Every structure is written in C-alpha cells, then in structure tokens.
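Enquirer: Mind folding the following:
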Amino acid sequence: MLVLALFVFVWLFIGRDVMLRPQSARRWIGAAADGDIVYVFGGQDMASDSGLLDEILALNLGSHGAGIAGHLPWPTYRPQICALNGELYILGGSSGSEYFSEILRFDRETKEYMVAGHLPEPRALGGVAEAGGKLYYVGGCDKTRYFDEVVEFDPSTGEAQILMTLPAALNSPAVAATEHRLYVVGGRDKAGNRSDLILEIDLVSAAVLRTGHLPSPRTWTAATALGDVVYVFGGLDREPLDDIIAITTTASELEVDVLGHLEQPLARHVAAVVGDRIVLIGGDPIDWKNELLVIEVDPESLAETRHRFRGIIQRSTEESGDDPDRDR
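Expert: Presented below is the predicted three-dimensional model:
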C-alpha cells in the first residue's frame, strides 16, 4: 500500500498544472499559435527577475499538454514571432545588452534553426504581422533609438526591405493585418508619451490611408484580426487596462468601439488567433503570482476561458543585461 500511495503521489505531482509552477512564470515573451498549439519563446524569469530564458514552450490547447519544443540560439527578451505556412519565424529580440537582426526559421521536427534573413538593423520591442505571405515588422528600438520603419520580409526570397516610414518612431506598438492592410495600434515614443493612434497602412501603395483613435493612450497592448475586425485587448497607460476594443475596418471611417472588459487588467501580453478564437498569452496581470496566463476569449460573447496545462518544464536561464524597456 505504501508503494502504491507513493506512486499515486508522484504521478499527481508530475501531472499537476505546470502553469501554476514557479518555472512557468515569465514576461517579455514572444508567442504565436499554429493549429491548436501555442508556442512561447524566451522571456524573463519572473521568479528571479533577472535571468533570461531560451526555452520554447509548446502548449496544446486541445490536450492541455505542455513541454519544451526547443531552445533559442540565445536567451532573448520579447522576440517577435509569426507563424506562416506551418513555419515559425523569430524576428529580432534583445539580450538586454545586445540586439539581434536575425530572422530565424524554426523547424519543430528537428528543433533546429535556419537564418532566413536579416532585419536592416538589430532591434527589439516592435510589432509583427503577416499579410499576403510576407511578414511586416513595425517600429521597435535598439539601445539608443526608436525606429519609424515598416520592414517587409519575403520568406520566399529571404529579402527584407524598408517598405515605408511611420509618421513617428514607435516602441511596442501592437500590429494586426487584414489581407493587404496593416494596423498599427498604440505604442510609445522616445519621450515616453503613449499613443492613442490607430494607423491603417495600405501595403500596396505603402501609405497611411486612415487614422483612428483609441479610447485612451496605451502601450504594451495586444491586437489581432478576425476577418475585417481588429480586436485590441488591454494595455498600459499609467496602470494596466482591461478594455476589449473592436476596430471595424469596412466602414468609411475606422469605427472604434469598446465591446466589454477583461476579467482583469492586462498588459505586456500577446494575442493570437486559433481558428475562430482569440488567445491571450502572458503579460503582467495584477494577480499574476507564478502563472503564465493563457486566456481564450470568445469574440462573440467575450467569455473567457483560462487554460492550464500538464507536463514537465525544466528551466534554463542566463543572467540578463539591461532591461531593454527600462526608461523607454
């Protein structure tokens, strides 16, 4: 009986929800969804508040299994991640003291990387979206300046070029795409001012077509598109925000409506589309404790489902340099 009891205890311990374990808590992550699997890249260890992570977590929304899918070539703050045609691309990022220009393609079968291209200059803390089979990296910063560029990357050729410049340089904008239009939402300028602007960019003419305004300025928000509607979730003004905003893109003007509110304020998170659902990943909620949040939001009812996962995560960290968002 003692052996059986010990076996049951070990089984329950190993199989408990890993999202409640200290080793799962992290911020400054990059994330994207492919099918029912959410991939979480790098970030900062929230338990120690110093170490950077190189892990790639794979979180299955169907089976609720979790595990390590691979490791980044280097521990990284907030790389920009995009899924395209079954491939995962990692754009830029920072170690705090160093910024990266590499655009990497990750093979989930071999867990190996290939350098698919390079950004014009190293950068982190921008926004990324896919449209028409190409990736678009917007804004961002390096150690001394902010970028006002929209960089277009064509995976078929490996070429990256500056498509256009924004009206102002932006750090940490949210970016979403609908067919041949790009939407740049919020962000922060070099002086630390948060933006309430929504920019609609035509990717054919490389021009700003229309502008709109959020209900309040914000940075570190998350945006994604379902059909012709761009959804915006929370963000940071002086405090984290909880509003859920819909930007209707088919009207004569950009229509901006507050649909409702998240169950708690949230900032520094990532949004991804999984089928007809929206999933919010990571961030700094008020009661984050030791949990990496994965919250599914129904765009129709706005009902929230918090996902938790089972598996074993072995953490590996390295000491970070300067926080890339400190004083920015």
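Enquirer: I'd say residue 284 and residue 264 touch.
Expert: No. Contact criterion C-beta atoms under 8 Å: residue 284 and residue 264 do not qualify, at 10.6 Å. Backbone N, C-alpha and C define where each C-beta goes, glycine included.
Enquirer: and residue 210, which of the three is it?
Expert: For residue 210, the assignment made with DSSP: H, G, I helix; E, B strand; the rest coil gives strand.
Enquirer: which SSE is the closest residue to residue 105 other than its chain neighbours in?
Expert: Distances taken as C-beta to C-beta, 6 or more residues apart in numbering put residue 116 closest to residue 105, at 4.3 Å, once the chain neighbours are dropped. Assigned by DSSP states H and E, residue 116 belongs to strand 112-118.
Enquirer: Listing partners with orientation, what would you give for that strand?
Expert: In the sheet, strand 112-118 lines up against strand 102-107 (antiparallel) (DSSP bridges).
Enquirer: the strands in the stretch 151-300 of the chain, which residues?
Expert: Along the stretch 151-300 of the chain, the segments classed as strands by DSSP state E, counting those that start in this stretch run 159-165, 174-178, 181-185, 195-202, 207-218, 222-226, 229-236, 240-248, 255-266, 270-274, 277-281, 294-297.
Enquirer: so which of the ones you listed gets nearest residue 125?
Expert: Judged by C-beta to C-beta, the one of these that comes nearest to residue 125 is strand 174-178, at 11.8 Å.
Enquirer: Check which residues of that closest one are buried.
Expert: Using 16 or more other C-beta atoms under 10 Å as the test for burial, strand 174-178 gives 174, 175, 176, 177, 178.
Enquirer: And stretch 135-144, by the same measure?
Expert: Applying a neighbour-count criterion of 16+ other C-beta under 10 Å, the buried positions in stretch 135-144 are 135, 136, 137, 138, 139, 140, 141, 142.
Enquirer: Kindly state the beta-bridge partners for the closest residue to residue 88 other than its chain neighbours.
Expert: Nearest non-adjacent residue to residue 88, counting by C-beta to C-beta, 6+ apart: residue 106, 4.5 Å away. Note on residue 106: beta-bridge partners by DSSP bridges are residue 88, residue 113.
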